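A.B. asks: Below: sequence and its predicted model.
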Amino acid sequence: MSPEQHERWHVKNWVLLVLSSAQKEQATDLVIGPATGVGTSVRYKISGDWHDWAPAPGLAWPLVASELGGLAGIRDAPFPKNGIIYIAYSGVRLRWRIEMQSLDGQGVLQNLGSDIV
C-alpha cells in the first residue's frame, strides 16, 4: 500500500468511526469542518446539547471533506453539495444527510435513523 493509499484508508476509517459513534450515541446532528489552525473538528448534538469531539489535528480537512463526499456519492459534484451517506459499518446502518456549501466551510450532517445490522 502506497503512503497515499494508507492516508486515504486512515481518513476513511476515521470518518466511519465518527459517523458510527455519533449514531450509536443517538446524535441527531454533526458538524465536521476545518479546525482552527490545522486539522479537522467535529461537533455533535445529543438531546439538544452540543458536544465537541477531540479534534483530529493530523487529518487535513480537504481529505476528510473528500471522503465524506465519496461516501455520499457527491465527491465530484459542484458546490453546494447535498447527499445521503447510507452504508453498513461496525454493526450500524449509517444514514446521514450531508450538506456542504464550500470546501472552506463545514459539512453539516443530519442523522436519518439507525438499525442494527
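C.D. replies: Structure's in. What do you need? Numbers count the residues shown, from 1 in each chain.

A.B. asks: ok now do the closest residue to residue 111 other than its chain neighbours, which residues does it touch?
C.D. replies: Using CB to CB, 6 or more residues apart in numbering and skipping the chain neighbours, the partner closest in space to residue 111 is residue 28 (5.2 Å). No exception for glycine: its C-beta is placed from N, CA and C like everyone else's. Contacts for residue 28 (CB atoms under 8 Å, 6 or more residues apart in numbering) come out as 45-46, 110-111.

A.B. asks: where's residue 28 relative to residue 92, distance?
C.D. replies: 15 Å (CB to CB, to the nearest Å).

A.B. asks: hmm, back to that, just the ones of the contacts of residue 28 in strands?
C.D. replies: 45-46, 110-111 (DSSP state E).

A.B. asks: Which of the residues you listed are buried? Put it as a ChimeraX command.
C.D. replies: A single ChimeraX command selects the buried members of those (16 or more other CB atoms under 10 Å):
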select :45,111
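
A.B. asks: quick one: residue 53 and residue 42 touch, right?
C.D. replies: Yes - using CB atoms under 8 Å, residue 53 is in contact with residue 42, at 3.7 Å.

A.B. asks: Comparing the two, which shows the higher neighbour count?
C.D. replies: Taking other CB atoms under 10 Å, residue 53 and residue 42 do not tie; residue 42 has more neighbours (25 against 16).

A.B. asks: Relative to residue 2, how far out is the more buried one?
C.D. replies: If you measure residue 42 against residue 2 using CB to CB, the figure is 27 Å.

A.B. asks: ok, now residue 67?
C.D. replies: Computed as CB to CB, the residue 67 to residue 2 distance reads 17 Å.

A.B. asks: higher neighbour count, the two?
C.D. replies: The residue with more neighbours, out of residue 67 and residue 2, is residue 67; 20 against 7, by other CB under 10 Å.

A.B. asks: Check the offset of the helix or strand the more buried one falls within from the chain's centre.
C.D. replies: Using DSSP states H and E, residue 67 maps to helix 61-72. Chain-centre distance of helix 61-72: 7 Å, with CA atoms, centre = their mean, to the nearest Å.
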